[in-house]
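Participant: Generate a structure from the sequence data that follows.
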Amino acid sequence: MKITGILGILIMIISFGGSVDGATIIDHTCADLGLIPASWIEAVQDNIPSHYAHTSHGGQLTYGIQFIKTADPFYDYAIGNMYLPTVSDAWCIFNGQESGTYIGPELYWQTESGMNLTRDVLDNNSTILTSMWCWCCQCDSYSEANVQAYLDSMTVLESEYPGVTFIYFTGNAQGTGSSGYNRWQRNEQIRDYCVSNNKILFDFADLDCWWYNPGTSSWEQETYSYGSDDIPAEHPEFYGNEYGHTTAESCIQKGEALWWMMAVIAGWQGTGIEEAETDPEYELKITSVNPASGNIMLSYSIPETCTVRMRVYACDGRLVSSPIDGEVASGSHEIILEDLCNGIYHCVIVAGEFRDTVNVVVLN
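Facilitator: Predicted coordinates for the structure are as follows:
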C-alpha cells in the first residue's frame, strides 16, 4: 500500500535516528546517551560481544566509554587486550588482534596477512557479532584507489562472515589545508559507499567537527576555506592531546555515539516513537495549530521535580535544538520552538525514566 501526503511522511520518519535510507550513519546527532533506553544498553551488554581494532586515534572511543562508566557504572564494559573477556552485565570487547593492540590498516584489511589476523579473531571467538577498525590519519594522503581497497576488503570479510556486522569508519578530521581537503574527499567516498550499500558507518570525522555549546544549547561546526569549498575540520574545543590526540570532552562525545550505535545494532529504533512509554501523569502535546507557521508551542506535564531533556530533530535525523536540559519543577509547562524552517520535526522529551514524542509540521 502506498502512503502519501503529510501523514505518510510522518509515518515514514518515526523510525529515523542516524539512518539514511537503509544505511545507519552514526554522527554528532547520535551523541546523546540520555535518549537511549536502559533496556537497550542492557541488550548490548548481554548480547553483543565485539571486536575493535585501532591505532592511537581509535583510543578516543575506549577513553570515551571509560569516562562514561566512571560517571555512571550502569554503562559497564570489559575490554580484553588480544582476547575476548566474558563478564556478566558488561559489553565485552576484544581489543586489537591476537598479535597486538596497535593495529594499522596492514594488520586488519590492507594485506592478506592482515585480513588473516582479522579472520583469526573471528574464527577463534565465534560469539563476536560486530567487528570494526578505526583510521589514524591515512585518509589525509590516501588516494581514491586506496580507500576503495578498504571498501573492497570489508566487503570480502562481510561475505565470509555473514553473521558478523562490520562497521565502517571515516578518518579523523584534524588535518587542514590540502591534506584536510583530501581527507574530506576520502571520507565523502566512504559515506557515499555506506549510504549506497546500506552499511553501518561510525562517522568519526563528523564527531570531530561538531561541538555542542551548552551556553546556546546548539551545535557548532568548525570549517575552513580551501579554494571554493568550506571543509569541515576538528572543532577548536577539541584541540588537545590528553587522550588519543584530543580532549576528554571529544572522547565522551564519541563514547556516547558508540553506545548509540551499539544500541541500534541491538535493535533499538533510534529516536523512534516505538520507545515512548504511556503514563497519564506525563504528557507532551502540541498546543498550537499543527501544521504551524514559524513557531510551534508545546506543553508538557510532569508529576514530580526531575531532570528533563528535550531534543528536536529534523526529518533527516539532524539535531535542530535542545530547548530543555536540566531540572524542572513538577507541574505543567509550555515552550515555544521559534524560527523553524519549513519541514517536519520530531520532538523527544525524556523525564526521568519516561519518554514521549510528538511530530510537528511547519509550513511558512
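
Participant: how about Met262, what does it touch?
Facilitator: Met262 makes contacts with Val44, Ile48, Ser50, Trp91, Thr130, as judged by Cβ atoms under 8 Å, 6 or more residues apart in numbering. Backbone N, C-alpha and C define where each C-beta goes, glycine included.

Participant: Give me the next element, helix or strand, following the helix or strand containing it.
Facilitator: When elements are assigned from DSSP states H and E, Met262 belongs to helix 248-266. Downstream of helix 248-266, the first helix or strand assigned by DSSP H and E is strand 283-286.

Participant: Just list what that next one packs against, helices and strands only.
Facilitator: Other helices and strands packing on strand 283-286, by 3 or more Cβ pairs under 8 Å, 6 or more residues apart in numbering; DSSP states H and E, are strand 296-302, strand 354-362.

Participant: partner strands of it, parallel or antiparallel?
Facilitator: In the sheet, strand 283-286 lines up against strand 296-302 (antiparallel) (DSSP bridges).

Participant: Sheet partners, orientation included, of the helix or strand following the partner strand?
Facilitator: Proceeding N to C from strand 296-302, the next assigned helix or strand is strand 306-314, under DSSP H and E. Here strand 306-314 has these sheet partners by DSSP bridges: strand 319-328 (antiparallel), strand 343-351 (antiparallel).

Participant: Please dump those strands into a markdown table; it should also carry distance to Tyr313 for every row.
Facilitator: Formatted as a markdown table, those follow (distance: least, Cβ to Cβ, whole Å):
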| stretch | distance to Tyr313 |
| --- | --- |
| strand 319-328 | 6 |
| strand 343-351 | 5 |
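
Participant: so which of the helices and strands packed on strand 283-286 comes closest to Gly255?
Facilitator: Taking Cβ to Cβ, strand 354-362 is the member of the helices and strands packed on strand 283-286 nearest to Gly255, at 21.5 Å.

Participant: Strand 306-314 and that closest one, what's the angle between them?
Facilitator: If you take axes from the mean of the first three to the mean of the last three Cα atoms, to 10 degrees, strand 354-362 sits at 30 degrees to strand 306-314.

Participant: For strand 354-362, give the mean pLDDT please.
Facilitator: The pLDDT scores in strand 354-362 average 76.

Participant: From the contact counts, what lies against that strand?
Facilitator: So strand 354-362, by 3+ Cβ pairs under 8 Å, 6+ apart, packs with helix 5-13, strand 283-286, strand 296-302, strand 343-351.

Participant: quick one on the thing from earlier: now render the helices and strands packed on strand 283-286 as a markdown table, adding mean neighbour count.
Facilitator: A markdown table is the format used below for the helices and strands packed on strand 283-286 (neighbours: other Cβ atoms under 10 Å):
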| stretch | mean neighbour count |
| --- | --- |
| strand 296-302 | 19 |
| strand 354-362 | 20 |
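
Participant: and Ser332, which of those strands is closest to it?
Facilitator: strand 296-302 (4.6 Å).

Participant: distance between that closest one and the chain's centre?
Facilitator: Distance, stretch centre to chain centre, for strand 296-302: 27 Å (Cα atoms, centre = their mean, to the nearest Å).

Participant: Quick one: mean pLDDT over it.
Facilitator: 85.

Participant: what's the answer for stretch 242-258, then?
Facilitator: For stretch 242-258, mean pLDDT is 97.

Participant: so where's the stretch 251-364 of the chain shaky on pLDDT?
Facilitator: Applying pLDDT under 70 to the stretch 251-364 of the chain flags the ranges 271-280, 286, 290, 314-318, 342-344, 363-364.

Participant: re the thing from before, can you redo the helices and strands packed on strand 283-286 as TSV with distance to Thr86?
Facilitator: What follows is the helices and strands packed on strand 283-286, written out as TSV (distance: least, Cβ to Cβ, whole Å):
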stretch	distance to Thr86
strand 296-302	41
strand 354-362	32
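
Participant: residues contacting the closest residue to Val362 other than its chain neighbours?
Facilitator: Leaving out its chain neighbours, the residue that sits closest to Val362 by Cβ to Cβ, 6 or more residues apart in numbering is Leu340, at 4.5 Å. Contacts for Leu340 (Cβ under 8 Å, 6+ apart) come out as Gly294, Asn295, Ile296, Val320, Val362.

Participant: Would you mind finding the most buried of the strands paired with strand 306-314?
Facilitator: Among the strands paired with strand 306-314, strand 343-351 has the highest mean neighbour count (mean count of other Cβ atoms under 10 Å), at a mean of 22.

Participant: quick one: the helices in the stretch 51-200 of the chain?
Facilitator: 59-71, 112-124, 144-160, 177-196 (DSSP state H, counting those that start in this stretch).

Participant: quick one: which of these is nearest Ile336?
Facilitator: Smallest distance to Ile336 across the helices of the stretch 51-200 of the chain (Cβ to Cβ): 32.3 Å, for helix 59-71.

Participant: Could you list every helix and strand that the closest one packs against?
Facilitator: Contacts defined by 3+ Cβ pairs under 8 Å, 6+ apart place helix 59-71 against strand 50-54, strand 77-81, strand 91-95, helix 248-266.

Participant: okay, these in TSV with distance to Trp184 next?
Facilitator: Output for the helices and strands packed on helix 59-71, formatted as TSV (distance: least, Cβ to Cβ, whole Å):
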stretch	distance to Trp184
strand 50-54	21
strand 77-81	31
strand 91-95	29
helix 248-266	18
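
Participant: Looking at these, which is nearest to Pro37?
Facilitator: Pro37 lies closest to helix 248-266 among the helices and strands packed on helix 59-71, at 8.0 Å (Cβ to Cβ).

Participant: Need the CA coordinates for the closest one. PDB is fine.
Facilitator: Presented in PDB, the C-alpha positions along helix 248-266 are these (Å, rounded to 0.1, in the frame of the first residue of the first chain):
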ATOM      1  CA  ALA A 248      38.200  14.200  27.300                       C
ATOM      2  CA  GLU A 249      35.100  16.000  26.000                       C
ATOM      3  CA  SER A 250      35.700  14.800  22.500                       C
ATOM      4  CA  CYS A 251      36.200  11.300  23.700                       C
ATOM      5  CA  ILE A 252      32.900  11.400  25.700                       C
ATOM      6  CA  GLN A 253      31.000  12.600  22.700                       C
ATOM      7  CA  LYS A 254      32.300   9.700  20.700                       C
ATOM      8  CA  GLY A 255      31.700   7.300  23.500                       C
ATOM      9  CA  GLU A 256      28.000   8.400  23.700                       C
ATOM     10  CA  ALA A 257      27.700   7.900  19.900                       C
ATOM     11  CA  LEU A 258      29.300   4.500  20.200                       C
ATOM     12  CA  TRP A 259      26.800   3.300  22.800                       C
ATOM     13  CA  TRP A 260      24.000   4.700  20.500                       C
ATOM     14  CA  MET A 261      25.400   2.700  17.500                       C
ATOM     15  CA  MET A 262      25.600  -0.500  19.500                       C
ATOM     16  CA  ALA A 263      22.000   0.000  20.800                       C
ATOM     17  CA  VAL A 264      20.800   0.400  17.200                       C
ATOM     18  CA  ILE A 265      22.600  -2.800  16.200                       C
ATOM     19  CA  ALA A 266      20.900  -4.500  19.200                       C
END
